[in-house]
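Participant: Got a sequence here, can you build the structure:
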Amino acid sequence: MVDITNKKVTLRIATAEAVVLLGSNETLEAIQQGRVPKGDVFEMSKAAGLLAVKKTPDLLPDCHPLPIEGTQIEYEIRDLRIYIRITVKTNYKTGVEVEAMHGASVVALNMYDMLKPLDKKIEIRSIRLLSKSGGKSDIDNTNGG
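Facilitator: Below you'll find the predicted structure:
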């Protein structure tokens, strides 16, 4: 684990995105109409994402345990794509990029798990960091890809 004892505490913010591609309009309709047998896809996936953010250092050996002070999960539907965006915030010595990407990936995996009985063509298309701020280097990929 990297030694962070000499780093300054600053507000750290990271936003990550995952994209889930549905195989049919029927799957999207089932989600929107609350007809998925395993439950509310968006709420269940949000809960899974919140747990994932908090549990990141339990699963990734080089991640520091840190106080998560805010997590926001949003969904946007475009055609048959569901865009998952997670923003994580902390006041700490190290960033929250991995926590945000881990959360986004678990939201996508939970959606996949809930929808696989209805849709054999569902895919997780990408997981990426959109932006980070508060450390030595800021990144903003919100306009790309």
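
Participant: contacts and neighbour counts: CA atoms only from here.
Facilitator: Fine.

Participant: Could you list the low-pLDDT ranges of this structure?
Facilitator: The chain contains residues with pLDDT under 70 at 144-145.

Participant: and the residue nearest the centre of it, what does it touch?
Facilitator: Closest to where the C-alpha atoms of the chain average out (Cα atoms, centre = their mean) is residue 104, at 1.6 Å. Residue 104 is in contact with 16, 17, 18, 49, 84, 85, 86, 127, counting by Cα atoms under 8 Å, 6 or more residues apart in numbering.

Participant: Rebuild those as a markdown table, extending it with neighbour count and distance to residue 136.
Facilitator: Formatted as a markdown table, the contacts of residue 104 follow (neighbours: other Cα atoms under 10 Å; distance: Cα to Cα, whole Å):
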| residue | neighbour count | distance to residue 136 |
| --- | --- | --- |
| 16 | 28 | 19 |
| 17 | 26 | 22 |
| 18 | 26 | 25 |
| 49 | 28 | 27 |
| 84 | 24 | 26 |
| 85 | 24 | 23 |
| 86 | 29 | 21 |
| 127 | 18 | 23 |
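
Participant: which two from these end up farthest apart in space?
Facilitator: The distance between the two most remote of the contacts of residue 104 (Cα to Cα) is 13.3 Å, for 49 and 127.
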